[in-house]
Structure formats: structure tokens, C-alpha cells
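Asks: A predicted structure for the sequence below; I have some questions about it.
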Amino acid sequence: ASLMVVEHAERFGLAQLHQLRGRVGRGAVASACVLLYTPPLSETGKARLRAMAETTDGFEIARRDLEIRGPGEFLGARQSGDALLRFADLQHDDALLA
């Protein structure tokens, strides 16, 4: 495929959008991924779409996703939001966690 159009892109997470975008442009033909959204956008939606427009690097997308959603619970079911147990900052203490 050389063109992908994603409607209501504000409803998708960064990882999903990054995976969808990766499905186009695998051949020699120029390609594009168009993300359509329905205004008004929430601040989170704006941040997600801005991240997709600014980078194609999967590691940077993951870092931005962590920044936007938060780490969630280390030992629990919540996958986003502020962590209740803080022992390290996942973005800045990578030397401690390795």
C-alpha cells in the first residue's frame, strides 16, 4: 500500500498509530499516512498527534507515550496515570534500572 488514511486518529494510542503508519511505504513507491481527527481535540489528543507528526522513531514514540500517559502501576492493573509507588523515574534513571 502507498496510502493509508486513519479516521478518528485521536481515538488511537501512539503505539497503534505507529504500527499502522509502518504498514505503508514498504515498496519503492512514495507513500503517505494521513491522520484525520474530529475537533475539538483534548490536550492528550493534540500531544499524541503532534508526536506522530514530529518523529518516526519508535523509541521516541515510546518515550513520548510514557510522558503523555504516565507509567501506571508497577504491580497492578492500571496501565496509565501516576504511579503510586515511586522508586525510580523510568525516563531518567535508566542506569539504575539496567
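Replies: Received, thanks.
Asks: Spatially nearest residue to I68 (excluding sequence neighbours)?
Replies: In space, and not counting its chain neighbours, I68 is closest to A47: 5.0 Å by Cβ to Cβ, 6 or more residues apart in numbering. The C-beta positions use only the backbone N, C-alpha and C, and glycine is treated the same way.
Asks: How confident is the prediction for Q19, by pLDDT?
Replies: Q19 carries a pLDDT value of 96.
Asks: mind listing what's buried in the host helix or strand of it?
Replies: Taking DSSP states H and E as the criterion, Q19 maps to helix 14-21. Of all the residues in helix 14-21, those buried under the rule 16 or more other Cβ atoms under 10 Å are L14, L17, H18, L20, R21.
Asks: Relative to S2, how far out is the first one?
Replies: Taken as Cβ to Cβ, to the nearest Å, the spacing of L14 relative to S2 amounts to 23 Å.
Asks: now swap in the last one and tell me
Replies: Look at R21 and S2: by Cβ to Cβ, they are 13 Å apart.
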